[in-house]
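Visitor: make a model of this:
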Amino acid sequence: MLLMRTLNNYPDILINRLKNLAMTNVANTPQKVKVMVIEDNLPMQMVLKHHLQNNFEVQIFNDGIEAMAYLYQGNLPDIILSDFHTPNLSGDELINQFKSSGFFSSIPIIVLSGEENTETRIKCLESGAEDYILKPFNPKELLVRLNVVLRRTGKLALN
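Guide: Next up is the predicted model:
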């Protein structure tokens with residue numbers, strides 16, 4: 001009798017285990033970190049996309065206004081990589097907009113710029129940027145710096 005009950009329940013147990021396994025695998029599937037890139041220079045957009053797309057989910061915007069509109073639609077990146085000189089919203093204005101918003105203030109920002117001016121770098125960092133990377137940059141260094149910021153902020157980072 002016990003054997004019959006065990007055999008009768010076997011398909012249900014198996015089905016439930018398979019369902020649980022399937023749900024576990026979906027839940028454990030690693031999702032790529034979302035990187036929002038704000039860059040108006042098309043060749044630089046292509047360089048960034050090329051070096052980031054294998055490890056990150058990349059969204060590229062030409063200016064800060066487009067990026068803000070995307071955010072207000074509920075699309076939150078894990079990190080923002082922004083050129084300092086973008087149309088419609090400069091780098092420091094962009095940082096101030098993000099950091100003054102209670103909703104977006106926790107998103108880390110890394111500034112990319114060809115501007116070597118120390119005052120500009122200090123201003124960006126004091127305004128809330130996590131890092132400031134000079135152009136041209138080494139793509140491997142960019143990846144390492146992205147991961148350092150992601151680790152520091154508790155976001156999923158590459159090993």
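Visitor: please make it C-alpha for all contacts and neighbour counts, starting now.
Guide: Noted.
Visitor: would you map the helices across the protein?
Guide: Under the criterion DSSP state H, helices of the chain are mapped to 2-28, 42-52, 64-72, 91-100, 118-127, 139-152.
Visitor: now do the buried residues in the last one.
Guide: Judged by neighbour count using 16 or more other C-alpha atoms under 10 Å, the buried positions of helix 139-152 are 142, 145-150.
Visitor: export those residues as CSV, with columns for distance to Leu125 and pLDDT.
Guide: Shown next, in CSV, are those (distance: C-alpha to C-alpha, whole Å; pLDDT from 0 to 100):
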residue, distance to Leu125, pLDDT
Leu142, 17, 96
Arg145, 15, 95
Leu146, 15, 95
Asn147, 18, 94
Val148, 16, 94
Val149, 13, 95
Leu150, 16, 94
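Visitor: which one among these gets closest to Val35?
Guide: Leu146 (9.4 Å; C-alpha to C-alpha).
Visitor: measure that closest one to Lys135 for me?
Guide: Going from Leu146 to Lys135 by C-alpha to C-alpha, to the nearest Å gives 15 Å.
Visitor: where does the prediction get shaky in this structure?
Guide: 1-30, 156-159 (pLDDT under 70).
Visitor: 90 - rerun?
Guide: Along the chain, the model assigns pLDDT under 90 to residues 1-32, 72, 86-94, 97-104, 153-159.
Visitor: for Leu48, state which of the buried residues of helix 139-152 is nearest.
Guide: Of all the buried residues of helix 139-152, Leu48 sits closest to Leu142, with 9.4 Å by C-alpha to C-alpha.
Visitor: for that closest one, which non-adjacent residue is spatially closest?
Guide: The shortest distance from Leu142 to any non-neighbouring residue, by C-alpha to C-alpha, 6 or more residues apart in numbering, is to Ile133 (7.8 Å).
Visitor: so what sits opposite that neighbour in the bridge?
Guide: Note on Ile133: beta-bridge partners by DSSP bridges are Leu112.
Visitor: for the residue lying closest to His85 once chain neighbours are set aside, give me its contacts.
Guide: Spatial nearest neighbour of His85, chain neighbours left out: Gly91 (5.9 Å); criterion: C-alpha to C-alpha, 6+ apart. Contacts for Gly91 were tallied using C-alpha atoms under 8 Å, 6 or more residues apart in numbering; they are 82-85, 111, 124.
Visitor: having no further points to raise, I will conclude here.
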